[in-house]
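Q: A predicted structure for the sequence below; I have some questions about it.
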Amino acid sequence: MRIFNFSAGPAVLPLPVLEKASKELVEYGGAGMSVMEMSHRSKSYEEIHSAAIELLRELMGVPSNYKIMLLQGGASMQFAQIPMNLKKSGKADFVITGEWSNRAYKEASGILDAKIAASGEDIKFARIPEIKGVRPDADYLHICTNNTITGTRFTTIPDAGKVPIVADMSSGILSEVFDVSKFGLIYAGAQKNIGPAGVAVVIIREDLLENENAAKLTVFLQYKSHVAANSMYNTPPTYTIYLIKLCLEWLKSQGGVSGIQKINEAKAKILYDYLDASPLFKGIADKPHRSLMNVPFTTGDDDRDKQFVKEAATAGFANLGGHRLVGGLRASIYNAMPTEGVVALVEFMKKFEGGQ
Ligand SMILES: *Cc1c(COP(=O)(O)O)cnc(C)c1O
């Protein structure tokens with residue numbers, strides 16, 4: 001029996017995708033073999049690969065002067081690969097909105113002159129801090145649009161003038177409409193809202209590929225190598241990419257990104273409205289910057305939080321513990337979490353509350 005899985009990532013996948021994949025697992029189409037067994041240079045696989053990239057372009061409205069890459073090493077590899085490839089003046093500014101943006105900042109610090117443009121550390125990352133200024137000669141301004149652990153998100157994308165904005169969208173990509181042209185580079189680990197683990201999507205504005213410093217990198221680390229090879233410079237994680245394609249087809253059937261955004265807003269509201277009214281549970285992020293995807297909350301008591309996680313698991317609601325760094329509780333409600341899962345969770349929370 002499938003249960004409701006509120007994991008922050010790897011996370012719930014759409015049931016129709018899993019069902020389709022299970023039908024095609026042993027033999028894909030007329031290929032006589034599983035996708036896992038195909039040469040990545042075969043026609044069958046190349047079609048899957050190109051379709052996944054084209055679906056991303058279509059669903060996100062990626063302009064033609066942007067390239068899309070499917071890379072390995074997760075979002076964490078990008079913390080290093082981005083400064084390596086974008087370094088020109090050798091300066092980059094960072095908005096620290098939680099653990100992941102801090103890791104991006106720290107990793108970049110070993111590669112270039114990284115500066116904190118704003119930090120929400122003093123307010124425990126409960127909201128997005130105001131950006132006081134960006135160095136005009138910075139190679140980029142790095143932000144994390146959705147903060148998986150503390151449950152905040154940028155509701156407006158900052159204006160950095162001519163400085164390209166680099167965005168870690170790992171947990172928010174495809175959940176709401178973004179104007180890609182506002183960014184120099186967008187990246188996301190697939191395992192939150194794109195598909196299973198094993199791929200990082202990187203979307204880069206073409207002109208940023210021209211970089212003398214990047215040309216000195218080992219060939220594998222250069223974005224140019226992967227763009228030129230359409231993300232087949234070496235063997236890509238073919239089965240993950242196949243599943244990504246199925247997930248993107250599913251997303252298209254939900255009305256695309258704008259369609260799922262409406263569903264996500266209504267879905268998150270059910271949980272937030274309950275948290276705002278509950279005498280027991282409290283949301284952690286400040287209202288104006290609340291995430292649509294990750295909802296951290298607490299009863300204010302560690303033991304009671306732990307008891308809730310335990311009882312919820314028994315009742316069929318998995319992975320409701322907060323991130324190990326912050327504790328408390330968290331429900332991740334990505335695109336693939338059906339509204340009925342959130343409705344059922346709220347019903348369960350009400351019951352738990354009544355028993356206290
Ligand atoms: C999960 C996550 C990461 C790390 O992703 P990996 O693919 O495990 O490296 C980075 N940034 C954000 C915002 C995340 O949610």
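A: Alright, I've got the coordinates. Residues are numbered from 1 along each chain as shown.

Q: so what's residue 286 closest to, chain neighbours aside?
A: Closest residue in space to residue 286, ignoring its immediate chain neighbours: residue 127 at 4.0 Å, by C-beta to C-beta, 6 or more residues apart in numbering. All C-beta atoms are positioned from the backbone trio N, CA, C, and that covers glycine.

Q: right, I mislabeled it, should have said residue 13
A: Closest to residue 13 by C-beta to C-beta, 6+ apart is residue 336, at 5.4 Å.

Q: where does the one you found fall, helix, sheet strand or coil?
A: Three-state call for residue 336 (DSSP: H, G, I helix; E, B strand; the rest coil): coil.

Q: cool, residue 201 as well?
A: strand.

Q: does it have beta-bridge partners, and which?
A: The partner list for residue 201 in beta bridges (DSSP bridges) reads residue 70, residue 188.

Q: what's the distance between it and the ligand?
A: 11 Å (C-beta to the nearest ligand atom, to the nearest Å).

Q: Quick check: that residue touching residue 67?
A: No. With contact defined as C-beta atoms under 8 Å, residue 201 does not count as touching residue 67 (11.3 Å).

Q: Looking only at neighbour counts, state which of these two leads.
A: Set residue 201 next to residue 67 and count neighbours by other C-beta atoms under 10 Å: residue 201 wins out with 27 against 22.

Q: wait, what's in contact with the more buried one?
A: Residues near residue 201 by C-beta atoms under 8 Å, 6 or more residues apart in numbering: 56, 68-71, 173, 186-188, 190, 194.

Q: in the stretch 251-356 of the chain, what residue is nearest the ligand?
A: residue 294 (8.1 Å; C-beta to the nearest ligand atom).

Q: quick one, phi psi at that residue?
A: Note on residue 294: backbone dihedrals following degrees, to the nearest 10 are phi -130, psi 120.

Q: Kindly report the same for residue 114.
A: Torsion angles, degrees, to the nearest 10, at residue 114: phi -90, psi 130.

Q: Tell me if I'm right that residue 299 and residue 281 touch.
A: Yes. The criterion here is C-beta under 8 Å, and residue 299 meets it with residue 281 at 5.9 Å.

Q: Would you mind writing the CA trace of whichever strand or helix holds residue 56 as CSV?
A: In the assignment (DSSP states H and E), residue 56 maps to helix 43-60. Extracted in CSV, the C-alpha atoms of helix 43-60 (Å, rounded to 0.1, in the frame of the first residue of the first chain):
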residue,chain,number,x,y,z
LYS,A,43,17.8,6.2,-31.5
SER,A,44,15.3,5.1,-28.8
TYR,A,45,17.4,6.7,-26.0
GLU,A,46,18.3,9.8,-27.9
GLU,A,47,14.6,10.4,-28.4
ILE,A,48,13.9,10.2,-24.7
HIS,A,49,16.9,12.4,-23.9
SER,A,50,15.9,15.2,-26.4
ALA,A,51,12.3,15.0,-25.4
ALA,A,52,13.2,15.5,-21.7
ILE,A,53,15.3,18.6,-22.6
GLU,A,54,12.6,20.0,-24.9
LEU,A,55,9.9,19.5,-22.3
LEU,A,56,11.9,21.4,-19.8
ARG,A,57,12.3,24.2,-22.3
GLU,A,58,8.6,24.3,-23.1
LEU,A,59,7.3,24.0,-19.6
MET,A,60,9.6,26.7,-18.2
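
Q: And the contacts of that helix?
A: Helix 43-60 is contacted by residues 28-29, 31, 35, 38-40, 62, 68, 70, 173-174, 178, 180, 201, 203, 230-232, 236, 238, 241-242, 244-245, 248-249, 251-252, 256-257 when judged by C-beta under 8 Å, 6+ apart.

Q: now those: which count as buried?
A: 28, 35, 38, 62, 68, 70, 173-174, 178, 180, 201, 203, 230-232, 236, 238, 241-242, 244-245, 248-249, 251, 256-257 (16 or more other C-beta atoms under 10 Å).

Q: Now do the strands in this protein.
A: 4-5, 66-71, 91-96, 113-119, 140-144, 146-147, 152-153, 165-168, 185-189, 200-205, 282-283, 294-298, 317-318, 329-332 (DSSP state E).

Q: And the contacts of the last one?
A: To tie it back to what came earlier, the one meant is strand 329-332. 6-9, 11, 148-149, 151, 171, 192, 271, 281, 293-299, 305, 308-309, 319-323, 342, 345.

Q: In helices, which of these appear?
A: 271, 305, 308-309, 342, 345 (DSSP state H).

Q: what's the most distant pair in those residues?
A: Pairwise distances across these (C-beta to C-beta) peak at 19.0 Å, for the pair 305 and 342.

Q: need the contact list for residue 252.
A: So residue 252 contacts 55, 58-59 (C-beta under 8 Å, 6+ apart).

Q: Now do it against residue 61, distance only.
A: As defined by C-beta to C-beta, to the nearest Å, residue 252 lies at a distance of 13 Å from residue 61.

Q: so which of the ones in helices among the contacts of strand 329-332 comes closest to residue 355?
A: Once C-beta to C-beta is applied, the member of those that ends up nearest residue 355 is residue 308, at 10.4 Å.
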